[in-house]
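Undergrad: The sequence isn't on hand, but the structure is:
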């Protein structure tokens with residue numbers, strides 16, 4: 001007897017890996033591609049600066 005994990009068809013949501021999206025789409029599966037990249041290119045120092053700017057902006061809005 002076959003057991004189904006899900007009762008309804010599923011759609012793949014692919015984040016940032018075009019090759020994976022192409023592979024899933026090539027197999028005829030429903031899929032959506034999101035062109036996502038790491039914020040600030042993954043640069044930790046730049047992320048810290050952006051976080052501080054965001055905190056300053058929130059503080060100004062709440063003042």
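TA: Yep, that arrived. All of these numbers come straight from a predicted model, not from anything done at the bench.
Undergrad: so where is the protein shaky, pLDDT-wise?
TA: 1 (pLDDT under 70).
Undergrad: Name the single longest helix found in it.
TA: Criterion DSSP state H: the longest helix present in the chain is helix 44-62.
Undergrad: Spell out for me which residue occupies the centre of the chain.
TA: Central residue of the chain (Cα atoms, centre = their mean): residue 15, 4.5 Å from the mean position.
Undergrad: Across the sheet, point out what pairs with that residue.
TA: Judged by DSSP bridges, the bridge partners of residue 15 are residue 34.
Undergrad: That one and residue 32 touch, don't they?
TA: No - judged on Cβ atoms under 8 Å, residue 15 makes no contact with residue 32 at a distance of 9.7 Å. Every C-beta, even on glycine, is put in place using the N, C-alpha and C of the backbone.
Undergrad: Pull the number of nearby residues for residue 25.
TA: 15 (other Cβ atoms under 10 Å).
Undergrad: and it, how far is that from residue 39?
TA: As defined by Cβ to Cβ, to the nearest Å, residue 25 lies at a distance of 27 Å from residue 39.
Undergrad: Same question for residue 28.
TA: 33 Å.
Undergrad: same question, residue 2
TA: 43 Å.
Undergrad: between these two, which one's more packed in?
TA: Legend: neighbour count by other Cβ under 10 Å for residue 2 and residue 39, higher for residue 39 (11 against 3).
Undergrad: list the contacts for the more buried one?
TA: Residue 39 sits next to 47, 50 when contact means Cβ atoms under 8 Å, 6 or more residues apart in numbering.
Undergrad: can you tell me how far it sits from residue 24?
TA: 25 Å.
Undergrad: Kindly report the same for residue 46.
TA: Distance of residue 46 to residue 24, given as Cβ to Cβ: 32 Å.
Undergrad: same thing with residue 8?
TA: 18 Å.
Undergrad: of these two, who's got more company?
TA: residue 24 (18 against 6).
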